[in-house]
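**Student:** with the sequence up front, the predicted model follows.
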Amino acid sequence: MKQITQEKQRNVEKANKYLVGTLRNFQVNLADKHSKAQKLSSLEKEINRTKEEIGRDRQEIDILKRNLRTRRQVLQESLAYFKKFKSHQEALVVKDMENTKERWCHVHQVLTHSRKVLIAELVSLFDLKRISDPSSHNNAPKDGKVIDDDGEYAIAGMTLPKKADFVRYSHENINAAVGHVIHMLGLVAHYLGVKLPFMVVNRGSKSYTKGSVPGIPISKMPLVLNDRNLERFTVGMAMLNYDIAYLCHTQGVEIASHKVPHTLQNLYLCCQAPNLGRSGHLTALNRIFDQSFSLDFEEVLRMMFALRNGTETKDGIIDKNIPGVSISDYIEEDFEDDNDEDGDNWVICDGTTYNPSCSSTQF
């Protein structure tokens with residue numbers, strides 16, 4: 001019995017040991033199964049949530065596709081309408097431009113004709129004409145080129161010396177002729193709308209001109225000759241002649257440098273220009289100097305003194321070393337001008353009068 005009991009006890013222990021190991025494996029497997037079941041459940045939930053998101057995204061994509069198709073259709077319709085509208089508008093714009101251009105050409109022709117009529121009236125009013133053999137020489141400029149002309153010109157029956165020898169002429173006649181030139185030049189520049197390089201102030205017996213060349217201001221120079229101001233009057237006439245040459249240039253008439261001192265002739269040639277009145281007002285409004293005008297004022301000044309001194313040649317070649325013709329000699333100095341009022345009344349073309357001591361006319 002003792003042996004049997006011991007054998008029994010050993011068998012029981014072996015059975016218990018076997019059962020314990022098996023139970024542990026079973027528990028481990030059960031726990032692993034439970035963990036995998038939870039993970040699978042989580043994956044199933046994630047899959048379901050992802051499927052729902054995919055479904056919503058597909059619905060949104062379908063909506064976007066429908067909107068895109070709608071926008072494409074609207075864009076195509078708008079593009080077709082725009083092309084049609086653009087073609088129609090372009091036709092209207094082109095037609096409007098043509099009408100505007102036609103109206104502008106008509107207005108420009110009328111304006112040009114009006115300028116020519118006004119200036120022709122000025123020429124008649126001031127009686128500006130050639131007085132030596134007028135019927136034997138056609139001196140009107142052609143294609144901007146001036147035909148050589150040695151004839152004499154007069155304004156209101158008065159002449160000006162071409163060679164600037166002012167001493168040989170009566171001061172009264174010179175001053176009267178220059179006064180008419182100042183008046184007529186101002187009106188012509190106003191009608192043509194040209195801003196002159198030098199400002200001309202018409203104040204009767206106190207008329208003067210002033211302005212500047214590039215970088216050099218020139219003081220007021222008299223345009224009335226007396227026994228004390230011959231030098232400065234010559235400079236003033238050079239400035240006046242320079243203005244007339246510039247006015248001729250704007251109307252397509254080019255004056256040679258040795259012809260610039262021919263005051264009345266150049267003014268007459270300007271009024272007879274073939275292209276008279278076709279351009280000008282834009283320059284006056286913007287106060288833009290025509291850069292294509294290349295005439296050097298200092299050369300004109302030397303020419304005036306050379307003519308007065310009789311040192312010029314037939315071709316206009318002058319001695320550049322003539323004393324007293326440097327622009328620097330006439331900077332920041334004013335000619336004598338007392339403050340006494342000039343009692344003369346001047347009559348303008350329209351019949352109105354003004355006292356030059358009270359106002360000045362600037363061109």
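**Tutor:** Sure, I can see it.
**Student:** drop to CA atoms for contacts and neighbour counts, all remaining ones
**Tutor:** Fine.
**Student:** now the element after the host helix or strand of residue 22, going C-ward?
**Tutor:** Per DSSP states H and E: residue 22 is located in helix 2-125. Proceeding C-terminally, helix 2-125 gives way to strand 129-130 as the next helix or strand, assigned by DSSP H and E.
**Student:** gap between that next one and the chain center?
**Tutor:** Strand 129-130 sits 38 Å away from the centroid of its parent chain (Cα atoms, centre = their mean, to the nearest Å).
**Student:** and that strand, what other elements does it pack with?
**Tutor:** strand 153-155 (3 or more Cα pairs under 8 Å, 6 or more residues apart in numbering; DSSP states H and E).
**Student:** packing partners of the strand it packs on?
**Tutor:** strand 129-130, helix 171-192, helix 263-271.
**Student:** out of the ones you listed, which comes closest to residue 242?
**Tutor:** Ranking those by their distance to residue 242 (criterion: Cα to Cα) puts helix 263-271 first, at 9.3 Å.
**Student:** and the contacts of that closest one?
**Tutor:** Contacts to helix 263-271, defined as Cα atoms under 8 Å, 6 or more residues apart in numbering, come from residues 119-120, 123, 128-130, 139-141, 146, 152-155, 159-160, 162, 181, 185, 241, 244-245, 247-248, 251, 253, 255, 260, 276.
**Student:** residue 299: how many residues sit nearby?
**Tutor:** By other Cα atoms under 10 Å, 16 other residues sit near residue 299.
**Student:** look at it and give its secondary structure.
**Tutor:** Look at residue 299: counting by DSSP: H, G, I helix; E, B strand; the rest coil, its state is helix.
**Student:** could you check how far it is from residue 260?
**Tutor:** For residue 299, the distance to residue 260 equals 10 Å [Cα to Cα, to the nearest Å].
**Student:** show me where pLDDT drops low in this protein?
**Tutor:** Along the chain, segments meeting pLDDT under 70 span 132-150, 214-216, 279-291, 310-363.
**Student:** number of nearby residues for residue 257?
**Tutor:** For residue 257, the number of neighbouring residues by other Cα under 10 Å comes to 18.
**Student:** give the closest residue to it in space, chain neighbours not counted.
**Tutor:** Nearest residue to residue 257, sequence neighbours excluded (Cα to Cα, 6 or more residues apart in numbering): residue 300, at 6.6 Å.
**Student:** surely the one you found is in contact with residue 256?
**Tutor:** No. Using Cα atoms under 8 Å, residue 300 makes no contact with residue 256, being 10.2 Å away.
**Student:** the two - which one has more neighbours?
**Tutor:** For residue 300 versus residue 256, neighbours defined as other Cα under 10 Å are more numerous around residue 300 (22 against 14).
**Student:** quick one: contacts for that one?
**Tutor:** Neighbour list for residue 300: 238, 242, 257, 258, 260, 261 [criterion: Cα under 8 Å, 6+ apart].
**Student:** between these, which has the most around it?
**Tutor:** Result: residue 261 is most packed of the contacts of residue 300 (other Cα under 10 Å), 29 neighbours.
**Student:** pretty sure residue 164 contacts residue 302?
**Tutor:** No. Taking contacts as Cα under 8 Å, residue 164 lies outside contact range of residue 302: 11.5 Å.
**Student:** how much space between residue 171 and residue 1?
**Tutor:** Noted for residue 171: a distance of 179 Å to residue 1, by Cα to Cα.
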